[in-house]
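Peer 1: please find the sequence and the predicted model below.
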Amino acid sequence: MDQSEEQSIKEASEEVSREFTTLIDAQDLESLKQLQHLILGRLQDSNAVLSHFNEYSENCFAAVSSDFSKSTRLLKSMKSDLDYIFQKLRSMKAKISATYPDAFADSSRREVFDRRPDLEMPQ
């Protein structure tokens, strides 16, 4: 492009921009600009609050995470220990019942089903 073409494009764009400014009132543009600045300020405030909350949540999670994992391991260990104990008790009761049939009342010989929910299985 030579200089004269660039000049004519520049003049044409200036003319188009002048025509656009006549279509819209300057007061309306100024009110839109003020509203945009107001919205921008509110969004920046909201962003700051959310950033602060995210940092706070991250710190709380870091503090609680290790305790939660320790408690989870302890509960799993306790569950396996109790399962082992109940298995041994059932085995001992079966051996005693086989050796001494009159050791337990008739109601205690019935098969008792474990009605506790299995927390490891999805429902």
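Peer 2: Yep, that arrived.
Peer 1: need the longest helix for the protein.
Peer 2: Criterion DSSP state H: the longest helix present in the chain is helix 26-99.
Peer 1: for it, the averaged confidence score.
Peer 2: For helix 26-99, mean pLDDT is 94.
Peer 1: distance of the most centrally placed residue in the chain relative to residue 63?
Peer 2: Centroid-nearest residue in the chain: residue 57, 11.2 Å away (criterion: C-alpha atoms, centre = their mean). Computed as C-beta to C-beta, to the nearest Å, the residue 57 to residue 63 distance reads 11 Å. Using the backbone N, CA and C atoms, a C-beta is placed for each residue, glycine as well.
Peer 1: next one: the residue nearest to the centre of the chain from residue 93, what distance?
Peer 2: With distances taken as C-beta to C-beta, residue 57 is found 51 Å from residue 93.
Peer 1: residue 93: neighbour count?
Peer 2: By the criterion of other C-beta atoms under 10 Å, residue 93 has 14 neighbours.
Peer 1: excluding chain neighbours, what is closest to it?
Peer 2: Among residues not flanking residue 93 along the chain, residue 104 sits closest, at 7.4 Å (C-beta to C-beta, 6 or more residues apart in numbering).
Peer 1: from what I see, that neighbour and residue 97 are in contact.
Peer 2: Yes - if you go by C-beta atoms under 8 Å, residue 104 and residue 97 touch, sitting 6.0 Å apart.
Peer 1: average pLDDT for stretch 3-22?
Peer 2: For stretch 3-22, the per-residue pLDDT averages 86.
Peer 1: now find how far off-centre that stretch is within its chain.
Peer 2: 54 Å (C-alpha atoms, centre = their mean, to the nearest Å).
Peer 1: then it to CSV, C-alphas only?
Peer 2: Taking C-alpha atoms only, stretch 3-22 is exported to CSV below (Å, rounded to 0.1, in the frame of the first residue of the first chain):
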residue,chain,number,x,y,z
GLN,A,3,0.8,6.6,1.2
SER,A,4,-2.3,7.8,-0.6
GLU,A,5,-4.2,4.5,0.0
GLU,A,6,-3.3,4.6,3.7
GLN,A,7,-4.5,8.2,3.9
SER,A,8,-7.8,7.4,2.2
ILE,A,9,-8.4,4.4,4.6
LYS,A,10,-7.6,6.6,7.6
GLU,A,11,-10.0,9.3,6.4
ALA,A,12,-12.8,6.8,5.7
SER,A,13,-12.4,5.2,9.2
GLU,A,14,-12.5,8.7,10.8
GLU,A,15,-15.7,9.5,8.9
VAL,A,16,-17.3,6.2,10.0
SER,A,17,-16.4,6.8,13.6
ARG,A,18,-17.9,10.3,13.4
GLU,A,19,-21.1,8.9,12.0
PHE,A,20,-21.2,6.4,14.9
THR,A,21,-20.8,9.1,17.4
THR,A,22,-23.8,10.9,16.0
